[in-house]
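[1] Here you go, sequence then predicted model.
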Amino acid sequence: MKSQQDLRSTRRAVLKRLGATGVALGALCWGLVVPGGAAAQGGAGMPLPDEKVADTLKRLFGDRPLQSAGERIKFEAPMIAENGAVVPLRIEVELPMTKDDYVKNVYIISDKNRRPMNAQFSFTPDSGKASVGTNIRLGSTTDVRAIAETSKGVIYEARREVKVTVGGCGG
Amino acid sequence: MKHLVRKLLSLKRPGLVALGVVFIAACATVGTTVTSREWVSRAIPQSQGIVKEVGGKRIQERYPFGGFGTANFEKWPTFAADSPAYPPPRKGEMPAGIKGDPKKGNALMRGTCTACHLIPDATVWPAGNVGPDLRTIGDRGIPDSFLYQVIYDPRVLYGADSPMAPFGASGMWNDQQIMDVVAYLQTLKGKPAGVPLKVTDDKQWNPFTRDVVKPEYGDPLDMTANPVLAIADNVAVPLWSKAGPKGQSCAGCHGAVGKPDAQRPLGVIASMVGAGARYPKWIAQHSRMMSVEDFLAVHSPETTGHAMPSQGELNLTMSILVRSQSNGMPYQLDLNDANVAAAAKRGEALFQRKVGQRGQACADCHTARGGGNKFLGGRFLADVEKDAMVNHPYWRTAWQRPIDIRIRFQWCMTPLLTNMLPGDAPEYADLETFLIAKQTRRGDKVLVPRLSH
Amino acid sequence: MSQVRIRIPEKIKPGEIVTVRALVSHPMEMMAFKGGKPVEKNYNFVHKVEATYNGRKVFEAATTQAVSQNPFVSFTVKADAPGVVKIVFHDTQGKTYEGQVEIKF
């Protein structure tokens, strides 16, 4: 199993090795290697793969079970998003943040987005609490998952269905 | 007027003459408004509603964002003062020998009718409830010819102010399409007859049981929640103190931008506190009502030399800076000003005017007799008497840009299949006056910039 | 003018867990698709956000195009000493956007 970070660094290395010619190569090999745009501009981030959510979960967590979070994750997501461009989310994990057991990562994963992996947030015991808020884009009505991974490797998951309205006027 | 004066004077009754003079004096202050026909627009090009020919096709130039499109509807009524009225109700004749296809009818209904009507198909979401629930209409034994007429032109059956569009009379649907929908409607039967089908148990799916939900976008006056504050802080605030080509700055006459307070995150301009709450105002120099945005577009070039075209970024962010000075204060249009009252009256007439190929009015969606307090698709429609708010400009999250009430009006024109007027059209100022007069009477408070979808 | 807007509560007590909010003006450009295939485009989105408190890392986010335009994040820090919270946004074109805020008791 490879973590998100591992994948990123592998890709970065690939890019580095490709060097200047990588720009042209990347442009030719869409979908095979990595998009050339980011490489050309020297940035490190790039679009994540288009995939089914099951593949995302497998890629991130391997065969580790996802336990239902119950009260451990306070996940605020709108029942009905007025538009898919800005869907405000707020996640608070009610788990201890001590040196030897803390919430290491929180993931936001939207099942029906073309790229289900939306964001990963990393914390340290100095964070005081694993609490995060952000706004995401949703392509359609979907389950959105807030997944917390502890430093001991335990994974908890909370899910909310967000209905995305399309078109209309409003405002 | 001269005729009236002569008549009054000829009466030779001093009391009445005095009364007449007072009457004339009050009357004389009511100016004749210019209209969009005469007004030279100061809006950005995409806001001017320019109709032109491109590649042999007539189009209307509109904004490049948000799905405004360029379709031209110049033969249908608009909000222009001299626009003809929408054609009167027309009786349709159900064609003999056309068989409807329920499957095609269902497809047509999903694309259009479900904005207002509920049909039994769990994949249709969001559905609305402006019109009747149609899930079991096939149980009611309604003749095809009646359903045909409802779709062809409902005004024949339900009166000229029916909020539903005349799909046949307007030419939006042909006879075959109407018959497809009729055929589909007749298949909608309950089990047992008359009992609504259980479409889904999801409370939020059903517009009759759905909650009015507003996502929590955060405090609109917080720089880290409302992106337009950062834009206004970068654009309008420095411009305020920057001398224009004429050597003068806004601050030169109106004072500097001071420290922010809880209600005014962009900083306090003491002389502007309360100013925005009194607009739209009758500006005699221009013979029309003007909103803050309309006024900035003429006042800024006149005084500082800074161009500030309506619906442009400078205009919108400057308006936000000015209007935010009145945050927390009630709207206070001068309803005793005869010009404001006359404009509100003109605005009310516009509010009721059927426009576009669809032939629908603001009132069709925003009063209790139409969609007010109901759902249009997934959206809750505000009721002009209760909660319709003109706290503009605001940050529209769906488009990630600030919009003023005029862009809002222009956007409303798109689904009605109407050509839009220039954003700074005097007619729009009248409509805005009508709405803000209502807010003034309600005691609604200013909150600019809002943060909404 | 700082590109990153940061907000913390006005009054903070020592030891308190404090919410820090940050927003940066950024287009978060997505890649265009045509017929199911990516169209070459110089996409540009914030892919990383880092926060330190007196030099110690307290928060990091790996973000994607699924984060809305003008990206916003909020997170918490345990305010155990006076000092500076520094936040850096990195985009895929290699540009960084920085902001900082002082925690005082």
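    Nice, thanks for sending it over.
[2] in chain B, which spans are helices?
    Along chain B, the segments classed as helices by DSSP state H run B:2-10, B:14-28, B:102-111, B:144-152, B:155-158, B:175-186, B:227-240, B:250-254, B:292-303, B:313-323, B:338-352, B:362-366, B:405-413, B:426-442.
[3] What is the last one packed up against?
    By that I understand helix B:426-442. Helix B:426-442 makes packing contacts with strand B:288-290, helix B:338-352, helix B:405-413 when contacts are defined by 3 or more CB pairs under 8 Å, 6 or more residues apart in numbering or on different chains; DSSP states H and E. (C-beta placed from N, C-alpha, C; glycine too.)
[4] what distance separates that helix from the middle of the whole chain?
    Averaging C-alpha coordinates over helix B:426-442 and over its chain gives two centres that are 11 Å apart (CA atoms, centre = their mean, to the nearest Å).
[5] which residues make contact with it from outside it?
    Applying CB atoms under 8 Å, 6 or more residues apart in numbering or on different chains, the external contacts of helix B:426-442 come out as B:33-36, B:39, B:79-81, B:279-280, B:288-291, B:294, B:330-333, B:335, B:340, B:343-348, B:350-351, B:362, B:384-385, B:388-390, B:405-406, B:409, B:421.
[6] Between helix B:405-413 and that helix, find me the angle.
    On the basis of axes from the mean of the first three to the mean of the last three CA atoms, to 10 degrees, helix B:426-442 is oriented at 110 degrees to helix B:405-413.
[7] got the buried residues for helix B:426-442?
    Neighbour counts over helix B:426-442 (16 or more other CB atoms under 10 Å in any protein chain shown) mark B:426-440 as buried.
[8] again, but for the third one
    Residues of helix B:102-111 classed as buried by neighbour count (16+ other CB under 10 Å): B:102, B:104, B:105, B:106, B:108, B:109.
[9] ok, what's across the strand from the residue positioned nearest the centre of chain C?
    When CA atoms, centre = their mean is applied to chain C, the residue found nearest the centroid is residue C:49 (4.4 Å). Taking DSSP bridges as the rule, residue C:49 bridges to residue C:61, residue C:89.
[10] That one contacts residue C:63, doesn't it?
    Yes - the pair formed by residue C:49 and residue C:63 meets the contact definition of CB atoms under 8 Å, at 6.4 Å.
[11] which residues do those two both contact?
    Between them, residue C:49 and residue C:63 share these contacting residues under CB under 8 Å, 6+ apart: residue C:71.
[12] roughly how far apart are residue B:384 and residue A:74?
    The span separating residue B:384 from residue A:74 equals 38 Å under the rule CB to CB, to the nearest Å.
[13] The helices and strands packed on helix B:426-442: which one's closest to chain A?
    Counting by CB to the nearest CB, chain A lies closest to helix B:405-413 out of the helices and strands packed on helix B:426-442; the figure is 6.1 Å.
[14] closest point of chain C to chain A, which residue?
    Among the residues of chain C, residue C:47 lies closest to chain A, at 2.3 Å counting by CB to the nearest CB.
[15] what's the pLDDT at residue B:4?
    Model confidence at residue B:4, given as pLDDT, is 43.
[16] Actually, residue A:46.
    Each residue has a pLDDT score; the one for residue A:46 is 78.
[17] what's the burial count for it?
    Residues contacting residue A:46 under the criterion other CB atoms under 10 Å in any protein chain shown number 24.
[18] From what I see, it and residue C:91 are in contact.
    No - Residue A:46 is beyond contact range of residue C:91, at 11.6 Å (criterion: CB under 8 Å).
[19] joint contacts of these two?
    Listed contacts common to residue A:46 and residue C:91 are residue C:47; contacts here mean CB under 8 Å, 6+ apart.
[20] if we can go back for a sec, can you list the helices of chain B in a markdown table and add distance to residue A:112?
    Formatted as a markdown table, the entries for the helices of chain B read as follows, by distance: least, CB to CB, whole Å:
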| stretch | distance to residue A:112 |
| --- | --- |
| helix B:2-10 | 70 |
| helix B:14-28 | 63 |
| helix B:102-111 | 20 |
| helix B:144-152 | 34 |
| helix B:155-158 | 40 |
| helix B:175-186 | 29 |
| helix B:227-240 | 26 |
| helix B:250-254 | 49 |
| helix B:292-303 | 40 |
| helix B:313-323 | 35 |
| helix B:338-352 | 40 |
| helix B:362-366 | 31 |
| helix B:405-413 | 28 |
| helix B:426-442 | 39 |
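[21] which residues touch residue B:309?
    Shown in contact with residue B:309 (CB under 8 Å, 6+ apart): B:42, B:43, B:44, B:47, B:297, B:315.
[22] same deal with residue B:137?
    Residue B:137 makes contact with B:185, B:186, B:188 under the criterion CB under 8 Å, 6+ apart.
[23] which of those residues tops the neighbour count?
    residue B:185 (25 neighbours).
[24] With adjacent residues omitted, what lies nearest to that residue?
    Across the structure, with CB to CB, 6 or more residues apart in numbering or on different chains as the measure, the residue nearest residue B:185 apart from its sequence neighbours is residue B:137 (5.2 Å).
[25] Report pLDDT for the one you found.
    At residue B:137 the predicted local distance difference test score is 93.
[26] for residue C:25, same thing?
    At residue C:25, the model reports a pLDDT of 94.
[27] Show me chain B divided up by domain.
    By the assignment in automatic domain parsing, chain B contains the domains B:1-30, B:33-72+B:213-453, B:88-211.
[28] just those domains: most buried one?
    Each of the domains of chain B was scored by mean neighbour count; the highest is domain B:33-72+B:213-453, a mean of 20, by mean count of other CB atoms under 10 Å in any protein chain shown.
[29] Work out the gap between that one and the centre of the chain.
    For domain B:33-72+B:213-453, the gap between its own C-alpha mean and the chain's C-alpha mean amounts to 10 Å (CA atoms, centre = their mean).
[30] Straight-line length of it, end to end?
    34 Å (CA to CA, to the nearest Å).
[31] hmm, who's touching stretch B:254-261?
    By CB under 8 Å, 6+ apart, the list of residues contacting stretch B:254-261 from outside reads B:237, B:240, B:241, B:251, B:266, B:267, B:268, B:269, B:270, B:271, B:272, B:321.
[32] can you list the weak-confidence ranges in the stretch 1-150 of chain B?
    B:1-28 (pLDDT under 70).
[33] if we go to 80?
    Regions of the stretch 1-150 of chain B meeting the criterion pLDDT under 80 cover residues B:1-29, B:121-123.
[34] Flag every residue of it that's near chain A.
    Proximity of the stretch 1-150 of chain B to chain A is assessed by CB under 8 Å from any CB of the partner chain, with B:67, B:115, B:125, B:126 identified as the residues in range.
[35] Quick check, pLDDT for the residue lying closest to residue B:381 once chain neighbours are set aside.
    For residue B:381, the nearest residue in space outside its immediate sequence neighbours is residue B:371; the separation is 4.2 Å by CB to CB, 6+ apart. For residue B:371, the pLDDT comes out at 94.
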